[in-house]
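Participant: Sharing a model prediction with you, sequence too.
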Number of protein chains: 2
Amino acid sequence: MVDIATRVWNHKWKIDPIVRSLIDTDFYKLLMCQSIFRNKPDTQVTFSLINRSKHVPLAKLIDEAELREQLDHVRTLSLSRGESTWLRGNTFYGKRQMFSPEFMEWFEGLRLPPYQLERRGDQYELTFQGKWHEVMLWEIPALAILMELRGRAVLDQMGRFELQVLYARSMTRVWEKIEVLRDIPDLSIADFGTRRRHSYLWQDWCVQAMHEGLGDAFTGTSNCKIAKSREVEAIGTNAHELPMVYAALAKDDAALAQAPYDVLSDWHDEHEGNLRIILPDTYGTKGFLDNAPDWLAGWTGMRIDSGDPATGAQTAIDWWKSRGEDPLEKRVIFSDGLDVEKIRTLHAQFADKVKVSFGWGTLLTNDFRGLVPNDALAPFSLVCKAVSANGHPTVKLSDNPNKAMGPQDQIDRYKHVFGVGDQAAEEVVV
Amino acid sequence: MVDIATRVWNHKWKIDPIVRSLIDTDFYKLLMCQSIFRNKPDTQVTFSLINRSKHVPLAKLIDEAELREQLDHVRTLSLSRGESTWLRGNTFYGKRQMFSPEFMEWFEGLRLPPYQLERRGDQYELTFQGKWHEVMLWEIPALAILMELRGRAVLDQMGRFELQVLYARSMTRVWEKIEVLRDIPDLSIADFGTRRRHSYLWQDWCVQAMHEGLGDAFTGTSNCKIAKSREVEAIGTNAHELPMVYAALAKDDAALAQAPYDVLSDWHDEHEGNLRIILPDTYGTKGFLDNAPDWLAGWTGMRIDSGDPATGAQTAIDWWKSRGEDPLEKRVIFSDGLDVEKIRTLHAQFADKVKVSFGWGTLLTNDFRGLVPNDALAPFSLVCKAVSANGHPTVKLSDNPNKAMGPQDQIDRYKHVFGVGDQAAEEVVV
């Protein structure tokens, strides 16, 4: 029996929306949003899309009108009652009422601010301006929309069975990765793949496959909507945008040097336990840790998001030891460009030295490499970052010079202030 | 929106029936049925299930009650109005009214006769007795039921995503085979995989994938129900059961020697064109062709179903030449244990010598080799054959002694009558 109503309903949509919910976003965006809402409510920022893979001509692949329709659709979204109930009522990392009533009331009334879109050659210039805690919520939907529209442009050329076999192949690939991961004892791994996913339905499938295939070794997903619907843990803490904007707001070099610690001081007041995870690499891990206040050594763990991951983990372990902490009580979270082989190697190398977790992103939720002609579905490096705050440009250095961003004179200034010397360059794949 | 009615309807079924239609069978069964209905309406036969793969303990794998439920369900089936209309109205090989009004009237009133089922050690003894044209219609549903129940016993142990990935892997495998076949110029290939298919839905998927992937190179399916619903050609001519039963009915050795030609003489009166395909191997191809009447050389082609296929095809070509026929006007149909490599090799070897077609069976519709532990879904060699006619045992020799069947004294007698000497043994996989 055909469900006629469903069919008619589906055809009433003018478009097939890529993002259908304000909580189809990473959990840490909401945590950071609340922190900004409380601590920096008046900050004006500009976020901008940056395609680090210039060989992918987004403006040739994606129709501008379609892109506008998808972005416009996101601006129609508001928090549903069930989503609000879930955020208000859920336990996150064992803590109730993670989101304050004031924040929830504001969030319930939120619509995302306007966007600015212009074509420049073969790329799009897509920017968002306004209050930091509003603009920052564009990051994940904007990335997910561009990734999926690029994918749809390729899928549109394929036949019905070709499509089914494409997904058969990618499902098989994900499952074979899960079978490898299953053999790693005491693994702890989460899905961090929202922003560069192939599509929402595909990420949802990957999360369920991880859940069935890995059991307790799968600790959850960064995606709130999927965490809600699949009843798994929502995972995440904080990201580079906090120190980047705090740093841009610093009125002199002394304040700049202090900015990354101010971020974590604000965070310290708000969160505990698994949410106290240091992200040390925004302006170079080494200098950050050398100059860190002692209270930071009491935090639960550290996320390694750039540079050579084994070096980063060893640096963390050495630092904890130097501050009199037992690394076996600490957690290292690897989250940069992971795939199963890297996960297996890092786990083997560090599992007896420190608690190890993995935040697995693009190569979980968007590994269609080699499955279509010209590798037209290969993932690429697209980001959406704060580029200025209250009129001052932002800067990121990270532990990989290929991930640095900002005006060159400001990069030089930051390198000087944070004492960053030579860095080893690593290829940025995703 | 959930379609509540569909869900409730699905739960009303006591079982999930494996065979849901009397035309979920091979087209050549219906052609032969009509021929028997016309020429041998009073013949009493016994058909029996024979598991040539003794290492597969069917009675341990398949619950007897479940097997009975499935067989009982087949006995409730009768031709639907639409099915009857399709058989009456369709064009087969360009010919209208392939089935006579008398035959259709009989078929519309048919229910399949009773079965006898007993467990013998780890195997089932499943037999069917009665009028030849009724009993013979049990062959395909009985095989399909046993194949699928054995598969279900394995699938019952698997998780939801494991199942999805199993089908993802097998879909990928079929598609990769299709991609290989796509590169063969002027290919002509049909689905012959009903009897040992993994399941109806799986065969239906394979047919649709072949249709999309191969276009005109895919000439159709032997399965009438799928041919009807997917609007592709129904394919088939005749099988060993005709000469086997005609031979068993022969009153002396002279009549026995003539029996295979009597079959084709009856067939010749009923059919023309693509339906005039010689199946020469029942009692040895060489002797059959040496003694064949000249009018048989005028037939359209020959099906090679046992022995070394290249030898069989060359024998056919040589025979046509010896009878003054141009092999380039003739068709060879390979149908024994095919997979893509064999198809490619045979095509390369014979495409410039004769018209070449392929009837691809088990390794199209049931290739799950290596996809589950202990290879528990590997196809195996199950047949359902006429074992006696009017009280006389039937005999098959074929061009492969491993496919011979019948009492040894009768095999010896047949070998003598048909002048069969030494034969090369070939492993029977499917």
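Facilitator: Cool, got the structure. Treat the numbers as computed from the prediction; the structure is a model and nothing was measured. Numbering: from 1, shown residues only, chains lettered A, B, ... in the order given.
Participant: where in chain A is pLDDT low?
Facilitator: In the predicted model of chain A, residues A:1, A:429-430 satisfy pLDDT under 70.
Participant: cutoff 80 now
Facilitator: A:1-7, A:9-13, A:428-430 (pLDDT under 80).
Participant: Now do the strands in it.
Facilitator: Using DSSP state E, the strands assigned to chain A run over residues A:44-51, A:91-92, A:95-96, A:115-120, A:123-131, A:189-191, A:218-221, A:277-278, A:301-304, A:331-334, A:355-360, A:382-389, A:392-393.
Participant: Of those, flag the one that's most buried.
Facilitator: Ranked by mean neighbour count under mean count of other CB atoms under 10 Å in any protein chain shown, the strands of chain A are led by strand A:189-191, which reaches a mean of 26. In this view, the C-beta of every residue, glycine as well, is placed from N, C-alpha and C.
Participant: Just list what it packs against, helices and strands only.
Facilitator: When contacts are defined as 3 or more CB pairs under 8 Å, 6 or more residues apart in numbering or on different chains; DSSP states H and E, strand A:189-191 sits against helix A:200-214, strand A:218-221, strand A:355-360.
Participant: and the nearest residue to residue A:94 once chain neighbours are set aside, how many residues sit next to it?
Facilitator: The spatial neighbour of residue A:94 that comes closest, neighbours along the chain excluded (CB to CB, 6 or more residues apart in numbering or on different chains), is residue A:273 at 7.2 Å. When counting by other CB atoms under 10 Å in any protein chain shown, one arrives at 11 neighbours for residue A:273.
Participant: sorry, back to before: mind checking which of the helices and strands packed on strand A:189-191 is nearest chain B?
Facilitator: helix A:200-214 (4.3 Å; CB to the nearest CB).
Participant: ok so, going back, tabulate the strands of chain A (a markdown table), appending distance to residue B:52.
Facilitator: Formatted as a markdown table, the strands of chain A follow (distance: least, CB to CB, whole Å):
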| stretch | distance to residue B:52 |
| --- | --- |
| strand A:44-51 | 61 |
| strand A:91-92 | 60 |
| strand A:95-96 | 65 |
| strand A:115-120 | 67 |
| strand A:123-131 | 64 |
| strand A:189-191 | 47 |
| strand A:218-221 | 45 |
| strand A:277-278 | 63 |
| strand A:301-304 | 59 |
| strand A:331-334 | 54 |
| strand A:355-360 | 48 |
| strand A:382-389 | 58 |
| strand A:392-393 | 77 |
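Participant: Make a markdown table out of the helices and strands packed on strand A:189-191 and add distance to residue B:345.
Facilitator: Below are the helices and strands packed on strand A:189-191 laid out as a markdown table (distance: least, CB to CB, whole Å):
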| stretch | distance to residue B:345 |
| --- | --- |
| helix A:200-214 | 38 |
| strand A:218-221 | 46 |
| strand A:355-360 | 44 |
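Participant: Relative to chain B, which residue of the stretch 301-430 of chain A is the closest?
Facilitator: Counting by CB to the nearest CB, the stretch 301-430 of chain A gets nearest chain B through residue A:371, at 10.1 Å.
Participant: and the gap between that residue and residue A:167?
Facilitator: Between residue A:371 and residue A:167 the computed distance is 9 Å (CB to CB, to the nearest Å).
Participant: go on, residue A:146?
Facilitator: For residue A:146, the distance to residue A:167 equals 21 Å [CB to CB].
Participant: out of the two, which sits in the busier spot?
Facilitator: In terms of neighbours (other CB under 10 Å), residue A:146 is the more surrounded of residue A:146 and residue A:167; the figures are 26 against 20.
Participant: Report the beta-bridge partner residues of residue A:392.
Facilitator: Using DSSP bridges, the beta-bridge partners of residue A:392 come out as residue A:389.
Participant: near chain B, which residues of chain A show up?
Facilitator: When proximity is defined by CB under 8 Å from any CB of the partner chain, chain A lies next to chain B at A:1, A:3, A:5-6, A:9, A:159-162, A:164-165, A:167-169, A:171-172, A:175, A:208-209, A:212-213.
Participant: switch the cut-off to 6 Å
Facilitator: Chain A comes close to chain B at residues A:1, A:3, A:5-6, A:159, A:161, A:165, A:168-169, A:171-172, A:175, A:209, A:212, as judged by CB under 6 Å from any CB of the partner chain.
Participant: who wins for most neighbours among those?
Facilitator: Compared across the residues of chain A next to chain B, residue A:165 has the highest neighbour count, 25 neighbours, by other CB under 10 Å.
Participant: List the buried residues of stretch A:144-156.
Facilitator: Residues of stretch A:144-156 classed as buried: A:144, A:145, A:146, A:147, A:148, A:149, A:150, A:151, A:152, A:153, A:154, A:155 (neighbour count, 16 or more other CB atoms under 10 Å in any protein chain shown).
Participant: ok, now stretch A:214-227?
Facilitator: Applying 16+ other CB under 10 Å to stretch A:214-227 flags A:214, A:217, A:218, A:219, A:220, A:221, A:222, A:223, A:224, A:225, A:226, A:227 as buried.
Participant: give me the number of residues near residue A:193?
Facilitator: Counted with other CB under 10 Å, residue A:193 comes out at 27.
Participant: Lovely, talk soon.
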